[in-house]
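*Asks:* Structure here, sequence nowhere to be found:
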């Protein structure tokens with residue numbers, strides 16, 4: 001256990017607290033048990049280490065990773081018991097999905113140690129969601145996304161901006177004095193700005209590794225798939241990445257993948273929950289998640305540039321950015337006459353020459369244009385929609 005403390009204190013001491021993700025202030029850190037989930041590479045580990053460094057007493061705090069060799073011969077419940085006996089108050093467990101029976105053991109820790117606060121993180125969103133149902137009355141679960149354009153500006157270029165609501169953006173209230181020319185920054189963000197690790201070297205290689213790890217390990221492990229089925233997931237993602245955007249025809253996809261038509265929607269759901277794609281649904285019944293899938297996008301624009309390479313379509317990139325940024329704070333649906341629907345507002349996304357034709361009969365219709373710096377009337381610059389979180 002001494003080695004665990006040494007490793008924990010080293011990581012806490014070394015973490016940089018100069019930039020904090022949007023989720024930092026949204027979490028109620030006073031809850032007895034907190035789950036922080038999200039795709040690989042979005043900065044969950046850094047966030048919890050920053051919180052420890054800025055708010056907690058190291059003598060009462062332990063950060064561990066469930067991948068540690070310590071857990072080959074030891075249980076997390078045993079560690080928690082010993083930790084509490086020695087005055088421990090805050091236990092942080094990273095990559096919890098790598099630990100067998102994690103949900104059952106967390107339940108026991110919650111029930112037996114009412115004064116111990118536990119925060120766990122997981123990258124295998126599917127597995128966490130499966131276990132979270134067992135912890136529903138105990139753990140408060142937060143889902144963390146990658147960098148917004150606003151966060152990218154701060155982390156990569158030290159350009160500060162407050163967050164803006166969609167209403168404020170539509171009313172042209174955005175003011176960022178330090179950002180004179182947003183478009184070059186925006187172009188760079190679309191290619192490599194969604195993942196914080198893009199600040200380090202070999203971004204493309206590392207992103208490729210995350211994609212492979214997710215499709216070859218995380219999903220097959222969760223869904224009990226064989227290697228051949230895991231390869232089908234990669235083929236499916238490849239098909240989606242080259243489309244603009246992808247309108248699902250389950251029978252045709254099943255034929256291309258030599259798979260059962262009934263399995264394709266399950267595959268899509270697995271890949272979506274793992275943070276690789278986003279499925280845009282209609283607003284049937286107005287209840288999130290119950291609508292019919294109308295289009296499938298890659299989760300974010302960095303994935304398009306990594307997977308589609310020279311075949312990427314600019315229209316697809318623009319729509320992907322819109323959906324990716326807006327869904328964090330709003331329910332986004334497909335529109336029967338344009339691209340997207342948020343509440344009673346209709347959005348058509350395009351380049352700077354996009355006309356009003358598709359929304360001219362709509363009461364709350366907006367044209368979202370790429371390649372423009374400022375908006376006017378019902379014309380909104382695409383880049384500004386990256387300022388909502």
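*Replies:* Received it, and whenever you're ready, just let me know what you need. Note that the coordinates shown come from a computational prediction; the quantities given were computed from them, not determined experimentally.
*Asks:* Report how many residues lie close to residue 89.
*Replies:* Applying other CB atoms under 10 Å, we find 16 residues neighbouring residue 89. All C-beta atoms are positioned from the backbone trio N, CA, C, and that covers glycine.
*Asks:* ok, it touching residue 61?
*Replies:* Yes. Using CB atoms under 8 Å, residue 89 is in contact with residue 61, at 7.2 Å.
*Asks:* can you give me the strands in this structure?
*Replies:* Ranges of strands in the chain, per DSSP state E, are 33-37, 61-65, 90-94, 117-122, 140-143, 277-281, 293-298, 333-334, 340-342, 345-350, 365-369, 379-381.
*Asks:* Now mean neighbour count and mean pLDDT too, for those, in a markdown table please.
*Replies:* Output for the strands of the chain, formatted as a markdown table (neighbours: other CB atoms under 10 Å; pLDDT from 0 to 100):
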| stretch | mean neighbour count | mean pLDDT |
| --- | --- | --- |
| strand 33-37 | 23 | 94 |
| strand 61-65 | 23 | 97 |
| strand 90-94 | 23 | 97 |
| strand 117-122 | 24 | 95 |
| strand 140-143 | 16 | 92 |
| strand 277-281 | 20 | 93 |
| strand 293-298 | 21 | 92 |
| strand 333-334 | 18 | 96 |
| strand 340-342 | 21 | 97 |
| strand 345-350 | 21 | 97 |
| strand 365-369 | 22 | 98 |
| strand 379-381 | 21 | 98 |
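*Asks:* Can you convert these into a markdown table and add a column each for distance to residue 3?
*Replies:* A markdown table is the format used below for those (distance: least, CB to CB, whole Å):
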| stretch | distance to residue 3 |
| --- | --- |
| strand 33-37 | 25 |
| strand 61-65 | 10 |
| strand 90-94 | 16 |
| strand 117-122 | 21 |
| strand 140-143 | 30 |
| strand 277-281 | 40 |
| strand 293-298 | 41 |
| strand 333-334 | 51 |
| strand 340-342 | 50 |
| strand 345-350 | 52 |
| strand 365-369 | 53 |
| strand 379-381 | 52 |
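*Asks:* For the protein, which helix extends over the most residues?
*Replies:* Counting by DSSP state H, the longest helix found in the chain is helix 227-241.
*Asks:* List the buried residues in that one.
*Replies:* 229-230, 232-233, 235-237, 240-241 (16 or more other CB atoms under 10 Å).
*Asks:* Make a markdown table out of these and add pLDDT.
*Replies:* Formatted as a markdown table, the buried residues of helix 227-241 follow (pLDDT from 0 to 100):
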| residue | pLDDT |
| --- | --- |
| 229 | 85 |
| 230 | 83 |
| 232 | 90 |
| 233 | 91 |
| 235 | 89 |
| 236 | 91 |
| 237 | 91 |
| 240 | 86 |
| 241 | 83 |
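*Asks:* Adding distance to residue 315 as columns, could you present those residues in JSON lines?
*Replies:* Listed next are the buried residues of helix 227-241 as JSON lines, based on distance: CB to CB, whole Å:
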{"residue": "229", "distance to residue 315": "32"}
{"residue": "230", "distance to residue 315": "31"}
{"residue": "232", "distance to residue 315": "27"}
{"residue": "233", "distance to residue 315": "25"}
{"residue": "235", "distance to residue 315": "24"}
{"residue": "236", "distance to residue 315": "21"}
{"residue": "237", "distance to residue 315": "19"}
{"residue": "240", "distance to residue 315": "15"}
{"residue": "241", "distance to residue 315": "14"}
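*Asks:* Can you say which two of the residues you listed are spatially most distant?
*Replies:* 229 and 241 (19.1 Å; CB to CB).
*Asks:* can you list contacts of stretch 348-364?
*Replies:* Identification of contacts with stretch 348-364 by CB atoms under 8 Å, 6 or more residues apart in numbering yields 314-315, 318-319, 322, 337-340, 344-346, 365-372, 378, 382.
*Asks:* gap between residue 299 and residue 155?
*Replies:* 19 Å (CB to CB, to the nearest Å).
*Asks:* who has more neighbours, those two?
*Replies:* residue 299 (22 against 19).
*Asks:* Thanks again, I'm all set now.
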